[in-house]
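A.B. asks: what's the 3D shape of this:
(one chain, ligands or ions: 1)
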Amino acid sequence: MTAFEEFGIIPELSEAISSLNWTLPTAVQSEAIPAILGGADALIAAETGSGKTGAFCLPIAQIVWERRKLAISPSKSAENSEKSPGKRFELNPEDRDPHLKIDRTGLNCESRIPKEWHGARAMGGVTGGGKYYFEVTITLDGLCRVGWATMAGSLKIGTDFESFGYGGTGKKSYGKRFDDYGRSFTTGDVLGCYLDLDNLKMWWSKNGNEYPTAYTIDKKFRDSPAHCLFPAVLCQNSGLAVNFGGDLGSAPFKFPPKNGIQAVAAASNLQWWSPEAKNTVDLTTPLCIILEPTRELVQQTFQNIQTFASVLKEPEIRCLTLAAGENMNQILRSLEIGTDIIVGTPSRIFDFIQTGKLTTSCLQFIVIDEIDQFLGAKGGSAHHIESIFKALPLVTQDGTRRQIIACSATLHNFEVARFADRHMSFPQWIDLKGADCVSADVHHVVCHVDPSEDRQWIRQKYQPNHLEDDHVHDQDPIRPGTQDRETLSLGTKILKGIYVVKAIQALQMDKAIIFCRTKQQCDHMETFLHQNNLTAACLHGDRSAEERQNSLESFKKGEMRFLVCTDVVARGLDVQGVPFVINVTLPDEKSQYVHRIGRVGRAERMGLSISLVSTCEEKVWFHKCRGRGVGCTNTKDIAQGGCTIWFDEKKMLGEIEEHLGSTISTVDSDFNVPIDEFDGKVVYGEKRKGGANFATHVFSLASSASQLADLETKMQLEYLKNNRHVLASIHAL
Ligand SMILES: Nc1ncnc2c1ncn2[C@@H]1O[C@H](COP(=O)(O)OP(=O)(O)OP(=O)(O)O)[C@@H](O)[C@H]1O
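C.D. replies: Now for the predicted structure:
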């Protein structure tokens, strides 16, 4: 049995796992795989390079395959339904407000959205006569109402003449009339909901204390099946656990009803909610969509899932990518034939859903990788994500609950929590550190760039081969040797070029990812590196899909030593064994720093990131113009209607340090990195020598485990020696 099988992965996937040389699951994989296989919605937070992609790709490939297998094998499906113990009486996932979350048991629900009511009815209702009871325990404080409603009634029970409610403020409600009734209730309280169809009465209890009749109900509720009453609940920022009783594995009631009143689930005249034909299994529409922020990540994750899917046979799992720049006809053909897993960007996927080219009726998984980037204010596509969710049916075509998985190395923020409240059901946090943090395999330092101290930029400015600046100073008076703000800003930019080459030489970098702030700066840096006889490829949003692909490939193959890029590849990109990152400018967003430097120190290999931080403010482009910078020469400040801002890197560094809760070490411009301060000698790009890693971990534990076993044996023998009388009495028995 492989280590992955112990976490629930099927042996069929072993071949693919070993082809990647993965011997043990990483920490995040050991937590996430069983959770996803178990059906949980999951929020996966773990450091960059910790194996989050495998943590969702492996279980998804497995579940999608198992479901497809079951669907195409009629004998198995029949066998399954024969074994089914009968319909389960629980809250109905198809008869609820979208934001009322129901868990896997169907007996717990919650809505964490303030100021909005969200309700649900049960799977079955009662009519014709009899006396019925169900119980509700308040699990999460907030507002709630419990009671009964017909199928024609509102889910906001008590607001029409087809539903009845009893609310936490101690009010009963019917036909929008709210009258004092019983006592108020809160977390931990148990409410009993009574319906006597023989005598046409309805009442409630709190913690076993029955209140008087609340309503004498119309006889239509007894005599007309169209007015059959279903148990119903309603929440506002609150949570409930329901117990309908019956013999389908329910826990006993906390306050069992007396006088011949029976559990509603045990009623002999139950009327079940009847879905329209749900039996046709559509084998062409996808079961899973994985959302990625960039084309590069779409490709990377696709390759990951494809590695696992490709070893699964009968049926084969069909994976497809959906990102800009792809062959439309080919995609449409694949969709027509049928697909199981789609990896794409939100804008492209939404476009396909909206134009009816992509059907989502069978969708059982949505994975949102790098979710905080989508939801963030800058360059986010929160509206696409929301639109995708709005376009989805409440449950999948075969009635299965949809699973949502979100992950990132920087998951701890308000927008993600809000998203989880709105769209995820009882999400399980898989969070190994509890805060955004940097992997121990990433060393990161800053080098301050001070053009008033280090004046070599002045000489360089008049040489032909200096790093071309971004031309924001073209209309500024530049007076080298002065402390003018504009002069120092220009000096910083030239000096940074000098420092990049110095760092490459000092640390003998044979490979590095170099982050620049803008596309224009990337182009200039690429040219500058070529001028210094260094091979470099460039990757940013203005390059064509083909150019981007070629740049990445040539960097991966080692044909180009340096990859110069914007934040477009700050996240997720996994190139094995890259030893160095250089941040020519800090990112505009503090969380982006964690992602950028996380391009190194992956899969147990050590990495170093150097950030060049200007001691003075830098004037930089900040295009608000229509063309987003294309042909723009408006170098005025944004406050004066222009397209530039003053970027304070020292302030940003402070924000990053505060976010990470630590001070980042500094190096001088000779780039003498204090390797010895970081746990002894390391070789960047290689595995930490003698350090703990996934494989060595087992061996290091082995000797302690064997010592413990020896101690245990010694202790037991000692005990028996000192307690001979115990042995004697055991023998006597
Ligand atoms: N169980 C494992 N054993 C060894 N290597 C692994 C294992 N799981 C993943 N890896 C490798 O670790 C590297 C990083 O994995 P991955 O790209 O999934 O990281 P991540 O956590 O998603 O990082 P990021 O936050 O930067 O996106 C990859 O090269 C991957 O092949």
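
A.B. asks: For G661, which non-adjacent residue is closest in space?
C.D. replies: In space, and not counting its chain neighbours, G661 is closest to A435: 7.4 Å by C-beta to C-beta, 6 or more residues apart in numbering. Where C-beta positions appear, they are placed from N, C-alpha and C, glycine not excepted.

A.B. asks: what are the bridge partners for the spatially most central residue of the chain, then?
C.D. replies: With distances taken as C-alpha atoms, centre = their mean, the residue of the chain nearest its centroid is A406 (1.3 Å). Beta-bridge pairing for A406 (DSSP bridges): L43, I368.

A.B. asks: Please report how far it lies from A435.
C.D. replies: As judged by C-beta to C-beta, to the nearest Å, A406 and A435 stand 17 Å apart.

A.B. asks: Could you verify that C538 is part of a helix?
C.D. replies: No: counting by DSSP: H, G, I helix; E, B strand; the rest coil, C538 is located in no helix; its state is strand.

A.B. asks: residue contacts, the spatially closest residue to it that is not a sequence neighbour?
C.D. replies: The shortest distance from C538 to any non-neighbouring residue, by C-beta to C-beta, 6+ apart, is to E526 (4.3 Å). Counting by C-beta atoms under 8 Å, 6 or more residues apart in numbering, E526 makes contact with 536-538, 564.

A.B. asks: Kindly recompute the last result at 10 Å.
C.D. replies: Counting by C-beta atoms under 10 Å, 6 or more residues apart in numbering, E526 makes contact with 514, 516, 534, 536-540, 551, 560, 562-565.

A.B. asks: So it lies in a helix, does it not?
C.D. replies: Yes: assignment of E526 by three-state DSSP places it within a helix.

A.B. asks: remind me, longest strand of this protein?
C.D. replies: In the chain, taking DSSP state E as the definition, the longest strand is strand 131-140.

A.B. asks: in which helix or strand would I find E486?
C.D. replies: helix 485-506 (DSSP states H and E).

A.B. asks: can you give me the offset of that helix from its chain's centre?
C.D. replies: Offset of helix 485-506 from its chain centre (C-alpha atoms, centre = their mean, to the nearest Å): 38 Å.

A.B. asks: Past it, which element shows up next along the chain?
C.D. replies: With elements assigned by DSSP H and E, the helix or strand that comes after helix 485-506 is strand 512-515.

A.B. asks: So Q521 is in contact with D542, correct?
C.D. replies: No: using C-beta atoms under 10 Å, Q521 is not in contact with D542, being 12.0 Å away.

A.B. asks: And for the residue in the stretch 501-650 of the chain positioned nearest to the ligand, nearest residue in space, chain neighbours not counted?
C.D. replies: Nearest residue of the stretch 501-650 of the chain to the ligand (C-beta to the nearest ligand atom) works out as A603 at 3.4 Å. Distances taken as C-beta to C-beta, 6+ apart put G49 closest to A603, at 6.2 Å, once the chain neighbours are dropped.

A.B. asks: State the distance from that neighbour to S408.
C.D. replies: 13 Å.

A.B. asks: For these two, indicate the residue with more neighbours.
C.D. replies: Comparing G49 with S408 by other C-beta atoms under 10 Å, the one with more neighbours is S408, at 28 against 22.

A.B. asks: pLDDT score assigned to the more buried one?
C.D. replies: The confidence metric pLDDT takes the value 94 at S408.

A.B. asks: list the contacts for it?
C.D. replies: The neighbours of S408, taking C-beta under 10 Å, 6+ apart as the test, are 43-46, 48, 52, 368-375, 416, 436, 571-572, 591, 594-595.

A.B. asks: Please report the distance of it from A45.
C.D. replies: Taking C-beta to C-beta as the measure, S408 falls 7 Å from A45.

A.B. asks: which ones are touching T535?
C.D. replies: 529, 554-555, 558-562 are the contacts of T535 under C-beta under 10 Å, 6+ apart.

A.B. asks: meant to ask about L91
C.D. replies: The contact partners of L91, taken as C-beta under 10 Å, 6+ apart, are 100, 102-103, 105-109, 119-123, 231-233, 240, 242, 244.

A.B. asks: And A435, by the same measure?
C.D. replies: The contact partners of A435, by C-beta under 10 Å, 6+ apart, come to 45, 410-412, 659-661.

A.B. asks: Please list only the buried members of these.
C.D. replies: Applying 16 or more other C-beta atoms under 10 Å to those, the neighbour count classes 45, 410-412, 659-660 as buried.
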